[in-house]
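Participant: Provide a 3D model corresponding to the input given below.
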Amino acid sequence: MSQVNVLDPSASPLDYYGHELRRYREAAGLTQKQLGEIINYTGSLVGQIETARKLPTAEFSERVDAALGTGGLLSRLLDLVLRSQLPSWFQQIAELEARATEIYAFQAQLVHGLLQTEAYARAVLSVELPDDLDGLVAARLQRQRILQKDEPPFLWVVFGESVLHQEVGGAEVMRCQLAHLLSCVDNRRVNIQVLPFAAGAHAGSLGSFTVFRFDSDPAIVYTEDYVTGHPTANPHEVRSHSLRYDQLQAAALPLRDSAELIRHVMEERYGEHP
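Facilitator: Have a look, this model is predicted:
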C-alpha cells in the first residue's frame, strides 16, 4: 500500500483546503476516484488537490460542496487559497479591494486587473516567467468576483488611450479584452473613461494609482513601482491623489464617448468579431 501524504493544515491555505477536502471525502466513505466520478473530474485531480499539488477552481469547489454537503466551505476557502498565490506585497491590496465600497483607479499602461480577461491577464503575468502562472492567473480572476457580490463596490477606472493600442497578447486577445470593456457599459457599478492622447500633459503623468474608500475606515491610496506596492492612509496623500483623480476624470472623455472610442479602436485596429 502506498503511503498517504498527510498534509499539515496549518502550513498554508492550500494545504488547509486539501486537508478539508480529504476529511469530507473520507467522512462520506468515497475514494478519490468515486468522488471524481460524481463531480465529473478525474480521481487523479482530486488527489492532486488533496495533496496541495494542484490549485482548485471555483467550479471544482462548488461541485464538491454540493456532492459532499459541506455547506459551501470549500467555495469560501477558495478566496483565501487563491489570494495566497498573489505576491505577498499584493495580498493586502486584494483585501482592500474586497472591503472597499468605492474604487477609483487610473491606469496609464494596462487594463485594470479587475477588468482583465483571462487571456489578457495571462499575457501580462507571463512577462516575468513566474513559476506558477496558472495560479497567478486564477488569483487575478478570483479578485474579480467582488464585482459579482450582492453589493459590489463602485468601480470607476480612467485609462490612458495608449492602453487601447498596446497590443498585449496579440490582436485576438486585445479584441476580446476591448469587447469585455464594452460589455461593462450598462453596468451601473462600473464606469470606464478613456483619457485621449489629445489631453496632452495630465494629472496622471507620474503613474498609475488607486484610491480605495470604505464605509467606516479612512480612505487609502495605493501606488506601485517596479518592485512593490505602496498603500497609505496619510490624509495629505489621499487628498492629493483624490484631487488628481478629479482632474483626470475632467480631462477624460465622457462615458459614452469613451465607449465609442474603445469600439472604434477595437474594430479599426483589431477587427470585428467574426
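Participant: which stretches of this protein aren't confidently modelled?
Facilitator: In the predicted model of the chain, residues 1-6, 89, 203, 226-227, 272-274 satisfy pLDDT under 70.
Participant: What lies in contact with the longest helix along it?
Facilitator: The residue-count maximum for a helix in the chain (DSSP state H) belongs to helix 235-251. Residues outside helix 235-251 that contact it (Cβ atoms under 8 Å, 6 or more residues apart in numbering): 104, 106, 156, 158, 193, 195, 199, 202-204, 209, 211, 218-221, 232. The way it works is simple: take the backbone N, C-alpha and C, and place the C-beta from them, glycine included.
Participant: what's the answer for stretch 177-191, then?
Facilitator: 111, 115-117, 119-120, 147, 152-157, 164, 168-169, 192, 255, 259, 262-263, 265-266, 270, 273.
Participant: again, but for stretch 127-140
Facilitator: 55, 57, 82-83, 85-86, 94, 113, 116, 118, 121-122, 125-126.
Participant: ok, now stretch 252-265?
Facilitator: Identification of contacts with stretch 252-265 by Cβ under 8 Å, 6+ apart yields 158, 161, 164-165, 178, 181-182, 185, 191-196, 199.
Participant: hmm, which of these are the buried ones?
Facilitator: Buried by 16 or more other Cβ atoms under 10 Å: 158, 161, 164, 178, 181, 191, 192, 193, 194, 195, 196, 199, out of the contacts of stretch 252-265.
Participant: Among those, name the ones in helices.
Facilitator: Checking the buried ones among the contacts of stretch 252-265 against DSSP H, those in helices are 164, 178, 181.
Participant: Same list (those) but as a markdown table, adding distance to residue 237.
Facilitator: As requested, those are exported to a markdown table (distance: Cβ to Cβ, whole Å):
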| residue | distance to residue 237 |
| --- | --- |
| 164 | 29 |
| 178 | 32 |
| 181 | 29 |
